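Engineer: predicted model and sequence follow; I will ask about them next.
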Amino acid sequence: MKGLLENGYRPIDSLQKSPGGRRWTFTEKMLLGLSPREYLNQVLRNPLNWVFAAVFAVGVPLILYRYLFGLGAVTHSSNDYPWGLFLGFGLFVMVPLSASGFLLGTTVELFGRKDFKPIERLALLNGLLGYFFAVVYLMVDLGQPWRLPYPMFVSWGTAAVLFLVGWHVATYLSVQIMEVSESFFEWVNWPNARAYIKRITIGLTVAGIILSTLHQGALGALFTYAPGKVHPLWYSENYLWIFYFCSSVFAGLCMVIVVSTVVKRTMAWRCDRNFLDNLDRITLGLAKGASMALVTYLVIKLIGIAHDNEWAYLATGWGRWFLLELLLGVITPIILFSVAIRRNMVGLIRFTAFLTVLGIVLNRLNTALIAFNWNLYQEIPHLFEAMISVTLFCVYLVTYRFILYRLPVLYAWQSVPDEVYAVELERGLIPGQELVPAPAYQRIEDSP
Amino acid sequence: MSGISRRGFLAAAVIGGASTLVGTPTRGWSANSFDGYPEGMGVLVDLTRCVGCRSCEAACNHEQGLPEPDLPFDDMSVFDQTFHHGTQKRRTDENAYTVVNRYEPEEGGAPVYRKIQCNHCNEPACLTSCFVNAYTKTQEGAVIYDSKVCVGCRNCMVACPFRIPAYAYSSALNPVVRKCIFCYDTRLSQGRPPACVEICPQEVLTFGYRRDLLKTAHDRIRTDPERYIDHVYGEKEVGGTAWLYISAVPFEELGFDTSLQREPILANAQDFLSNVPMVLAIWPALFMGFHRLSTKGKEREEESQSFDREEG
């Protein structure tokens, strides 16, 4: 990409192709405005793609192997450890990291904090993809994935927490698809569909809050079915669902910081000025939100221990592990965030956000795998299980990048009627090769 | 803007309302009220009588049409088998719905044999955790399973406090949960005792109404207090089970989990589940209220101005 940009490449961000005022065709948009040869060259030149290729070369056959020979062939899931990495990581970690969609949707649309607008679409997309891939991981883990619609259409187990999770994840996924489709409709130029989504935005946002509160919490409540199996320090009959909900708040916010950092460093060409110029300020704001959630989480975790009187466990080996998790994933981030926010150290905030995300990963893996069956024996996931998990995560990254390269998530789409465009082209008002903010004509947000 | 809000509110209310209909436990039974069906059958296991002949394992294998095991049922070397670095004894799996293990009591004396199988809870955790309702607690007391609707999420295995359900991990096309079903199809539904009970040569296993068996168990303990520990395992554990155990050796020495709660497992999730309808009902108004409070007055300003021009 760097070479292309030096040679004057300018990414597509509007309806019309600059010279001549003709509209971009769908194929051109898919190829980022490059010729097929140029496109292929930039794909091959990117070393990251070779890493992905290597991962897929091993991982895809393994996934096929799993469907041909069953879960037993690729996992250490057993009668004692029914859930392994696919759910422990894919579901229990991906979902809290995807809380970003509802959090930023609420901030911008519901509370009217338009100063967070430049990152809203990234947060929504992060949410959608996280949920979608949680379902993908689930499809690998379920014994009979083709029966996934059964809890919706065939047989209802209404007393089960998982029933709630299933329904809410399905509903919320649809809500998120609608939220993200706004940028898709801009890109394919379906103004009516886009206007419709815009009209129901508030409804979608409120639905997002409801569904997120419930199923983020429900993932925690799932473990209340296994009281003796989850270590008491990670278990709380009354509060586990609140722990899960509360931690999803800072998990989602920190994930947006992490993703935006990666985006800024690796695909700045795709971001518009509005995004790049505002990112540091927004990162600071997100960090403030995350620290409030972190402090709250620390307090309620301590209340949880006090409520069940589990202080004695802290002196055991499991207690040290528990304290390490809290120290790395909660207490250190609180300290670092507070220093960084006070001194405007955006770099430190980014590092801390990354640390917090790792803390969440550790917490969810602890509950689902490590501290699960703590009084039985420790299970180490199968090598193939880890490799399939990594493969699916790489598919997630490729999909993420594919969408960010194209849809107006990091930049604003400039849709101008062809007649206006022609006039402006004549007057020399069409922006040149460098990234500049919108010209004199109205940006898309202004149209109703 | 108020038009948008109203529409938005309606949309949220419709989505919220729809989820209320599907996402709330409609089952009226509260966790602590169900003591099992009055005519529910059960089995009393008197561990003092078992000699470890494994004929119950053989009978179960035959009755359920399970594959022949690697070692024959008269091979007693299986009692020496341990797994996971010697920490685990044999357990139920997809090819064995019941298993007998040998335990050496701490105070010495003859070894004690313990048969494990599904305990057929009054309010089973597998049943209440299943999101496709694959499990049924029958009037006769059996907990049976419908493999035709099972999606294979294995939440029932996570939930079972006795770690009984096993999964056919080796199957690619039709993996299902496997566990003791109290010989429901072939025997219990016709009023006959399960195969393991019928074959037991030592009368370790007594089949009958659960309420009668409880009396029998307590009678045996009362008439011979020297012999028995004063506890009927399964009377109160996780809301009560159809299979009951009495023993001369403390239960924790025989691999029983004696730390189990008295309430059914579902009781733990009630706290959360009871909040669900409240969140669905309250959140729309609450957050629409927040919306109105925080955006009122700013709307006109926004309408005349593009969002991305607001910087800093």
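Structural biologist: Looks like it came in fine. On a predicted model such as this, the values are computed, not experimentally measured, just so you know. Numbers count the residues shown, from 1 in each chain, chains lettered A, B, ... in the order given.

Engineer: residue B:230 and residue B:250, how far apart?
Structural biologist: 11 Å (C-beta to C-beta, to the nearest Å). No exception for glycine: its C-beta is placed from N, CA and C like everyone else's.

Engineer: ok, those two, which is more surrounded?
Structural biologist: Comparing residue B:230 with residue B:250 by neighbour count (other C-beta atoms under 10 Å in any protein chain shown), the higher total belongs to residue B:250, at 14 against 9.

Engineer: tell me how many other residues crowd the nearest residue to that one once chain neighbours are set aside.
Structural biologist: Nearest residue to residue B:250, sequence neighbours excluded (C-beta to C-beta, 6 or more residues apart in numbering or on different chains): residue B:229, at 5.9 Å. Here the number of neighbours of residue B:229 (other C-beta under 10 Å) works out to 17.

Engineer: what do you get for residue A:207?
Structural biologist: By the measure other C-beta under 10 Å, the count of residues near residue A:207 is 32.

Engineer: quick check: it vs chain B, distance?
Structural biologist: According to C-beta to the nearest C-beta, to the nearest Å, residue A:207 stands 4 Å off from chain B.

Engineer: pretty sure that residue contacts residue A:174?
Structural biologist: No. Taking contacts as C-beta atoms under 8 Å, residue A:207 lies outside contact range of residue A:174: 9.4 Å.

Engineer: for residue A:39, give me phi and psi.
Structural biologist: phi -60, psi -50 (degrees, to the nearest 10).

Engineer: what sits against it?
Structural biologist: Neighbour list for residue A:39: A:31, A:32 [criterion: C-beta atoms under 8 Å, 6 or more residues apart in numbering or on different chains].

Engineer: and it, how far from chain B?
Structural biologist: Residue A:39 is 29 Å from chain B, by C-beta to the nearest C-beta.

Engineer: just the pLDDT for that residue.
Structural biologist: If you check residue A:39, the pLDDT there is 92.

Engineer: same question for residue B:17.
Structural biologist: Looking at residue B:17, its pLDDT is 53.

Engineer: how about the residues of the stretch 101-250 of chain B by chain A?
Structural biologist: Within the stretch 101-250 of chain B, the positions near chain A by C-beta under 8 Å from any C-beta of the partner chain are B:125, B:128-134, B:146, B:149-155, B:157-159, B:161, B:163, B:165-172, B:174-176.

Engineer: and stretch A:135-151, end to end?
Structural biologist: Start-to-end span of stretch A:135-151 (C-alpha to C-alpha, to the nearest Å) is 14 Å.

Engineer: for it, give the mean pLDDT please.
Structural biologist: Model confidence over stretch A:135-151, given as mean pLDDT, is 94.

Engineer: over to stretch A:411-419?
Structural biologist: For stretch A:411-419, the mean per-residue pLDDT is 79.

Engineer: leaving out chain neighbours, which residue sits closest to the residue in the stretch 151-300 of chain B that chain A sits nearest to?
Structural biologist: Proximity of the stretch 151-300 of chain B to chain A (C-beta to the nearest C-beta) peaks at residue B:152, 2.1 Å away. In this structure, residue B:152 finds its nearest non-sequential neighbour in residue A:143, 2.1 Å apart by C-beta to C-beta, 6+ apart.

Engineer: which strand or helix spans that neighbour?
Structural biologist: When elements are assigned from DSSP states H and E, residue A:143 belongs to no helix and no strand.

Engineer: my read: it touches residue B:175, true?
Structural biologist: Yes. Between residue A:143 and residue B:175 there is a contact under C-beta under 8 Å: 4.0 Å.

Engineer: would you map the helices across the stretch 151-300 of chain B?
Structural biologist: Listed in chain order, the helices of the stretch 151-300 of chain B (DSSP state H, counting those that start in this stretch) span B:155-159, B:195-199, B:210-223, B:266-295, B:299-303.

Engineer: pick the most buried one from these.
Structural biologist: Among the helices of the stretch 151-300 of chain B, ranked by average contacts under mean count of other C-beta atoms under 10 Å in any protein chain shown, first place goes to helix B:155-159 (a mean of 27).

Engineer: using CSV, write out every CA atom in that helix.
Structural biologist: Extracted C-alpha coordinates of helix B:155-159, given in CSV (Å, rounded to 0.1, in the frame of the first residue of the first chain):
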residue,chain,number,x,y,z
ASN,B,155,-24.2,-27.5,28.9
CYS,B,156,-26.0,-30.4,30.6
MET,B,157,-22.6,-32.0,31.2
VAL,B,158,-21.3,-28.8,32.7
ALA,B,159,-24.4,-28.5,34.8
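
Engineer: report the rounded mean pLDDT for that helix.
Structural biologist: In this model, helix B:155-159 has a mean pLDDT of 96.

Engineer: gap between the residue positioned nearest the centre of chain A and residue A:253?
Structural biologist: The C-alpha lying nearest the average C-alpha coordinate of chain A belongs to residue A:126 (C-alpha atoms, centre = their mean; 3.1 Å). Using C-beta to C-beta, residue A:126 is found at 11 Å from residue A:253.

Engineer: what do the two both touch?
Structural biologist: residue A:100.

Engineer: for residue 119, what is the enclosing helix or strand?
Structural biologist: As the question left the chain open, I've gone with chain A. Applying DSSP H and E, one finds residue A:119 within helix A:117-141.

Engineer: please tell me how far that helix is from the chain's geometric centre.
Structural biologist: Distance of helix A:117-141 from the chain centroid (C-alpha atoms, centre = their mean, to the nearest Å) equals 5 Å.

Engineer: show me what the next helix or strand after that helix is packed up against.
Structural biologist: Using DSSP H and E, the next helix or strand after helix A:117-141 towards the C-terminus is helix A:150-153. If you count contacts as 3 or more C-beta pairs under 8 Å, 6 or more residues apart in numbering or on different chains; DSSP states H and E, helix A:150-153 packs onto helix A:161-188.

Engineer: does any part of the helix it packs on sit near chain B?
Structural biologist: Yes. Helix A:161-188 reaches chain B (C-beta under 8 Å from any C-beta) through A:161, A:162, A:163, A:164, A:165, A:166, A:167, A:168, A:171, A:175.
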